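> fold the following and give me the result.
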Amino acid sequence: MRTQRIIGIAWLGLFGYGGFHQLRLLFDGLFATNCKGPALLLQLLAFLPLFLPVLAGAVASVFLFLRGVAWARIVVASLAALIAIFQIVELRHVSLSGAVLCIFSLVSVTLLLLPRHEPVA
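A predicted model of the protein is given here:
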């Protein structure tokens, strides 16, 4: 149970940072170009597929930290697997932070998908 709480709070920090970073980029793009009309709608529609998984990951990591429910383990593990796959596919520029994130993602997937062992007595 402690391992899930540690992984949940670590992923909450990562998803929170990613969400705030994406929102900052969206607002910089909206206010820098003075978007009006259909350009604003298209920019918001292009932003949603990037932001919704981050939001789902943040909500799931909160539930993983607080209760350790099964659906939160599956959501966080699947998003961690996607992040690891994207880091491995994007090997053109390998950075230390990308390698650490990939290793942390793979370890998280392994630990979250292992069966839980409750104390017997």
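> pLDDT on the longest helix along the chain, on average?
When the chain is parsed with DSSP state H, its longest helix is helix 2-33. Predicted confidence along helix 2-33 averages 83 (mean pLDDT).
> check which helices and strands that helix is in contact with.
Contacting helix 2-33 under the criterion 3 or more CB pairs under 8 Å, 6 or more residues apart in numbering; DSSP states H and E are the following elements: helix 38-66, helix 70-89, helix 96-113. Every residue, glycine included, has its C-beta placed from N, CA and C.
> tell me the most buried of these?
Mean neighbour counts were compared across these using mean count of other CB atoms under 10 Å; the top stretch is helix 70-89, at a mean of 18.
> residue 17 versus the closest residue in space to residue 18 that isn't next to it in sequence, what's the distance?
Setting aside the residues directly before and after it, residue 18 is nearest to residue 54 in space (CB to CB, 6 or more residues apart in numbering), at 4.9 Å. Taking CB to CB, to the nearest Å as the measure, residue 54 and residue 17 are separated by 9 Å.
> quick one: contacts for the residue nearest to residue 18?
Contacts for residue 54 (CB atoms under 8 Å, 6 or more residues apart in numbering) come out as 15, 18, 19, 22.
> need the pLDDT of it.
The predicted local distance difference test score for residue 54 is 89.
> stretch 81-96: how far from the chain's middle?
Taking CA atoms, centre = their mean, to the nearest Å, one finds the center of stretch 81-96 at 14 Å from the center of the full chain.
> grab the nearest non-local neighbour of residue 4.
By the measure of CB to CB, 6+ apart, the closest residue to residue 4 outside its immediate chain neighbours is residue 68, 4.7 Å from it.
> show the backbone phi and psi for that neighbour.
For residue 68, the backbone dihedrals (degrees, to the nearest 10) come out as phi 70, psi 30.
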